[in-house]
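Chemist: give me a 3D structure for the following:
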Amino acid sequence: MSTIMIIDDDDQLRISFERLLKEEGYGVRTAPSGESGIRMITEAIPDLVLLDVRLPGMNGLEAYRQIHRIEPKLPVIIMTAFGTTETAIEATKMGAFDYVIKPFDIPQILSTIRQALEAGRFMRSPVDMDASPDKIKGEVIIGKSPAMQEVYKAIGRVSATDATVLVRGESGSGKELVARALYHHSVRSDKPFLVINCVAIPDTLLESELFGYEKGAFTGATHRRVGKIEQATGGTVFLDEIGDMPLNLQAKMLRLLQEKSIERLGGRETIPVDVRIIAATNRNLERLIADGQFREDLYYRLKVITIWLPPLRERTGDIPLLADYFLSRYASELGIENPGITREAMSMLVSSPWPGNIRELSNTLQKALIFNRGAPLSLADITQATVDDAKNHHLSEDACDDQVRAWIRTLLSKGEQENLFENCMDHFGGVLVGEALNLTGGNRSQAARLLGMSRPTLHAKIDKYQLKIETSVR
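Modeler: Next up, the predicted model:
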């Protein structure tokens, strides 16, 4: 359970905030002043600090400086009113994770808390490389195959430099672990490490998330906002799924890599930044360049160093090592003895194609272990774990098909109808396109990729079905 420290002199806010966070499953400690909060942090370091700017005695900025000296990798979220936003921005430039404006938007601050806790875990949890089980302190990249030995060599050679790195490999192959290993073994390891998933954030928000914005830049921009690039000054930014970054942002990213500077959205000031960029993708960037979806100049700026991660099916000799690691890890988390695995079950693991790579292998072993009764995992245990998801998927599809058939029978029972077939196809087409757009937050490029069609075709469908596109703007 993560522990959160609240430092604020407002008794009512501390009480209500503590109640909210405990209901969310967090451990909470509180302090009414910077001095008392720092004493408590010195005694036991929490996972996250929520720090008010205006405090009696020591102000929030000085409190942040002392907290940062105690534990540089402890994420701190600054709480501020509009009148003290500039102070919060200053703290953010010094390394604070983020700042939130009072009064709080509860869903927004809970989301920021989750992001900060994850960032703190990434910064403080080391990533070992092929360590023996008794020496593993955090997460580990495992493999003794020749391909993985090349990965270790590349990490060792590159981590001590400031070179931009592009990590390539299939989904689930461990690209994030490689990025974190590069960070932990770098000279910037005492500075921030921030992760941005380019496909998880709608296009309308990604620019402001990365580069920040000025007051009045758009409707709702009531104050200046520092972006993740500025927040990570001196540290490292990991851009996951960069192959899905919109073209207009690719131009800004190119400027960052070339000139080491950015401009906030709606601003004209050129802001120098000192960050190292590590990017990752499972997309075929060369094909995207040929299709006009990725800038060739950005491609060459990113691939100063390229680290290729092999898919699991090309290093099957590493599967027994991975299986032993995951079984030990999950058994420890469940508070049980590692039951081991039979020879037949291991043979199945080694011979399986694992399209989801290490992530799929990990999930399969975790599920098998949860339902295991203490004996070594058998062939039946592994088979059951691998077919459960497929079975549930087919069950849900069958239930959906039954509902669709019932609806179609109702239409057909009404007798002959003009253009019934075309109308039904348009109905399902509209639903499909609409859901793809909802899932991507109105991002037409991403929706087109999900649907397997070109952007012009998607635009034609939107016009044909008269769909209204809703996007979120911060």
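Chemist: which residues in this structure form strands?
Modeler: 3-7, 27-31, 48-52, 76-80, 98-101, 127-129, 139-141, 165-168, 193-197, 236-240, 261-262, 271-272, 276-281, 305-308 (DSSP state E).
Chemist: where's stretch 368-376 relative to the chain centroid, distance-wise?
Modeler: 31 Å (Cα atoms, centre = their mean, to the nearest Å).
Chemist: mind listing the helices for the stretch 301-450 of the chain?
Modeler: 319-334, 343-351, 357-370, 379-413, 420-439, 444-451 (DSSP state H, counting those that start in this stretch).
Chemist: please identify which of those is closest to P56.
Modeler: helix 319-334 (42.4 Å; Cβ to Cβ). For the C-beta atoms, the positions are set from N, CA and C on the backbone; glycine is no exception.
Chemist: which outside residues touch that closest one?
Modeler: Residues outside helix 319-334 that contact it (Cβ atoms under 8 Å, 6 or more residues apart in numbering): 133, 136, 140, 142-144, 312, 337-341, 346, 349-350, 358, 361-362, 365-366, 369-370, 377.
Chemist: with stretch 237-244 instead?
Modeler: Residues contacting stretch 237-244 (Cβ under 8 Å, 6+ apart): 166, 175-176, 179-180, 183, 193-200, 228-229, 245, 253, 275-285, 288, 294, 302, 445-446, 449.
Chemist: among those, name the buried ones.
Modeler: Using 16 or more other Cβ atoms under 10 Å as the burial test, the contacts of stretch 237-244 include 166, 175-176, 179-180, 183, 193-196, 198-199, 228-229, 245, 253, 275-283, 285, 288, 294, 302, 445-446, 449 as buried.
Chemist: circling back: where among the strands of the chain is the average confidence lowest?
Modeler: Among the strands of the chain, strand 127-129 has the lowest mean pLDDT, at a mean of 80.
Chemist: that one pairs with which strands?
Modeler: When sheet partners are counted by DSSP bridges, strand 127-129 sits next to strand 139-141 (parallel).
Chemist: tell me the contacts of I142?
Modeler: Contacts of I142 (Cβ under 8 Å, 6+ apart): D130, M148, D318, L321, L322, Y325.
Chemist: which of those residues sits closest to E418?
Modeler: L322 (59.7 Å).
Chemist: any idea which helix or strand of this structure has the worst average confidence?
Modeler: helix 379-413 (a mean of 67; mean pLDDT, DSSP states H and E).
Chemist: please name the nearest non-neighbouring residue to T222.
Modeler: Nearest non-adjacent residue to T222, counting by Cβ to Cβ, 6 or more residues apart in numbering: K215, 6.6 Å away.
Chemist: and that neighbour, how many neighbours?
Modeler: 13 (other Cβ atoms under 10 Å).
Chemist: that one reaches R264, doesn't it?
Modeler: No - counting by Cβ atoms under 8 Å, K215 does not reach R264; the two are 10.0 Å apart.
Chemist: show me the domain layout of the protein.
Modeler: 3-123, 127-310, 313-387, 416-474 (automatic domain parsing).
Chemist: what about those, which gets the closest to R405?
Modeler: Nearest of the domains of the chain (Cβ to Cβ): domain 416-474, 12.0 Å.
Chemist: quick one: mean pLDDT for that closest one?
Modeler: Per-residue scores along domain 416-474 average to 74.
Chemist: check stretch 200-211 too.
Modeler: The model assigns stretch 200-211 a mean pLDDT of 86.
Chemist: start at 47 instead
Modeler: Taking 47 as the first residue, the last one we looked at is stretch 246-257.
Chemist: with only the CA atoms kept, save that stretch in PDB.
Modeler: C-alpha atoms of stretch 246-257 as PDB (Å, rounded to 0.1, in the frame of the first residue of the first chain):
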ATOM      1  CA  ALA A 246      -2.900   6.900 -24.400                       C
ATOM      2  CA  ILE A 247      -3.300  10.700 -24.400                       C
ATOM      3  CA  PRO A 248      -5.700  12.300 -26.900                       C
ATOM      4  CA  ASP A 249      -4.100  14.600 -29.500                       C
ATOM      5  CA  THR A 250      -5.900  17.600 -28.100                       C
ATOM      6  CA  LEU A 251      -4.200  17.100 -24.700                       C
ATOM      7  CA  LEU A 252      -0.800  15.600 -25.700                       C
ATOM      8  CA  GLU A 253       0.700  19.000 -26.800                       C
ATOM      9  CA  SER A 254      -0.200  20.700 -23.600                       C
ATOM     10  CA  GLU A 255       0.900  17.700 -21.600                       C
ATOM     11  CA  LEU A 256       4.300  17.700 -23.200                       C
ATOM     12  CA  PHE A 257       5.000  21.500 -23.700                       C
END
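Chemist: list the buried residues in it.
Modeler: Buried-residue list, stretch 246-257, by 16+ other Cβ under 10 Å: I247, P248, D249, T250, L252, E253, S254, E255, L256, F257.
Chemist: please tell me how far the third one sits from G488.
Modeler: What that stands for is D249. Using Cβ to Cβ, to the nearest Å, D249 is found at 8 Å from G488.
Chemist: CA atoms only: put stretch 351-369 into PDB for me.
Modeler: Only the C-alpha atoms of stretch 351-369 are listed here, as PDB (Å, rounded to 0.1, in the frame of the first residue of the first chain):
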ATOM      1  CA  ILE A 351      21.200   4.900 -30.900                       C
ATOM      2  CA  THR A 352      18.700   2.100 -31.700                       C
ATOM      3  CA  ILE A 353      18.200  -0.800 -29.300                       C
ATOM      4  CA  TRP A 354      16.300  -3.700 -30.800                       C
ATOM      5  CA  LEU A 355      14.500  -6.100 -28.500                       C
ATOM      6  CA  PRO A 356      13.900  -9.600 -29.900                       C
ATOM      7  CA  PRO A 357      10.400 -11.200 -29.700                       C
ATOM      8  CA  LEU A 358      10.200 -14.000 -27.200                       C
ATOM      9  CA  ARG A 359       9.700 -16.600 -30.000                       C
ATOM     10  CA  GLU A 360      13.200 -15.800 -31.200                       C
ATOM     11  CA  ARG A 361      14.800 -16.400 -27.800                       C
ATOM     12  CA  THR A 362      12.900 -19.500 -26.500                       C
ATOM     13  CA  GLY A 363      16.000 -20.500 -24.500                       C
ATOM     14  CA  ASP A 364      15.300 -17.600 -22.100                       C
ATOM     15  CA  ILE A 365      11.800 -18.800 -21.300                       C
ATOM     16  CA  PRO A 366      12.800 -21.200 -18.500                       C
ATOM     17  CA  LEU A 367      14.700 -18.300 -16.800                       C
ATOM     18  CA  LEU A 368      11.700 -16.000 -17.200                       C
ATOM     19  CA  ALA A 369       9.300 -18.600 -15.900                       C
END
